[in-house]
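K.L.:
after the sequence you'll find the predicted model.
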Amino acid sequence: GDSFMKTKDWEDIEPVWQEYAQEQFGECAGARDGGRQVKGGRKRIRKPPFKLEMDGDGMPLLPDITETKLEEKKAIVRAFLTSHYRICSGSDKAVVPWSAIIQSQDDFVERKYLPEDVDLKEPSKLQNWDTTALLNFWYARQDTGEGPTFEFKAWKNKDGDM
């Protein structure tokens, strides 16, 4: 058949496609030219990561979330898990492999580090109840000071091996 690109006016649908891709796949979808859309559209500004305090051992400390809105709670979960993943992997540039964790959570995290009815997922996909449950659970563990608040038991290297 004929090439779509040669027979249709791509510029007309690109903004609609970008918006769809953004909704479906998140921030990195359709990012070109350093994250700016080349032709028209909105420039998406990535929020800076949430900054967690660290304890004397270099472990991330969770803040009290009583008055915290959902988007900030998600940012705290992301920062907390990213910090722990980087500590586990020994790389300060490591990226949490969310899809691998969703597929086989038990390979990465012992159940004792999660509330009973909550599974990990990419933080932007969390609802208010599971975000709050995770943070309150970890905050309670942090408060008692008995053992680690959270720990990854494994990480993936550059080749995708555990």
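P.N.:
Nice, thanks for sending it over.
K.L.:
make it CA atoms for all contacts and neighbour counts henceforth
P.N.:
OK.
K.L.:
what's the neighbour count on residue 159?
P.N.:
Residue 159 has 6 neighbours, counted by other Cα atoms under 10 Å.
K.L.:
okay, it: pLDDT?
P.N.:
What the model reports for residue 159 is a pLDDT of 75.
K.L.:
tell me the secondary structure for it?
P.N.:
Three-state call for residue 159 (DSSP: H, G, I helix; E, B strand; the rest coil): coil.
K.L.:
look up how far residue 125 lies from it.
P.N.:
Computed as Cα to Cα, to the nearest Å, the residue 159 to residue 125 distance reads 26 Å.
K.L.:
distance of residue 121 relative to residue 129?
P.N.:
From residue 121 to residue 129 the distance is 13 Å (Cα to Cα).
K.L.:
residue 81 now?
P.N.:
From residue 81 to residue 129 the distance is 18 Å (Cα to Cα).
K.L.:
so for those two, which sits in the more crowded spot?
P.N.:
Legend: neighbour count by other Cα under 10 Å for residue 81 and residue 129, higher for residue 81 (20 against 10).
K.L.:
which residue ranges form the strands in this protein?
P.N.:
With DSSP state E, the ranges of strands along the chain come out as 53-54, 60-61.
K.L.:
quick one: mean pLDDT for the first one?
P.N.:
Across strand 53-54, pLDDT averages out at 94.
K.L.:
tell me the helices and strands packed up against it.
P.N.:
Helices and strands touching strand 53-54, as assessed by 3 or more Cα pairs under 8 Å, 6 or more residues apart in numbering; DSSP states H and E, comprise strand 60-61.
K.L.:
show me what the strand it packs on is in contact with.
P.N.:
By Cα atoms under 8 Å, 6 or more residues apart in numbering, the surrounding residues in contact with strand 60-61 are 52, 53, 54, 55, 80, 83, 84, 142.
K.L.:
bridged to the second one, which residues?
P.N.:
Meaning residue 53. residue 61 (DSSP bridges).
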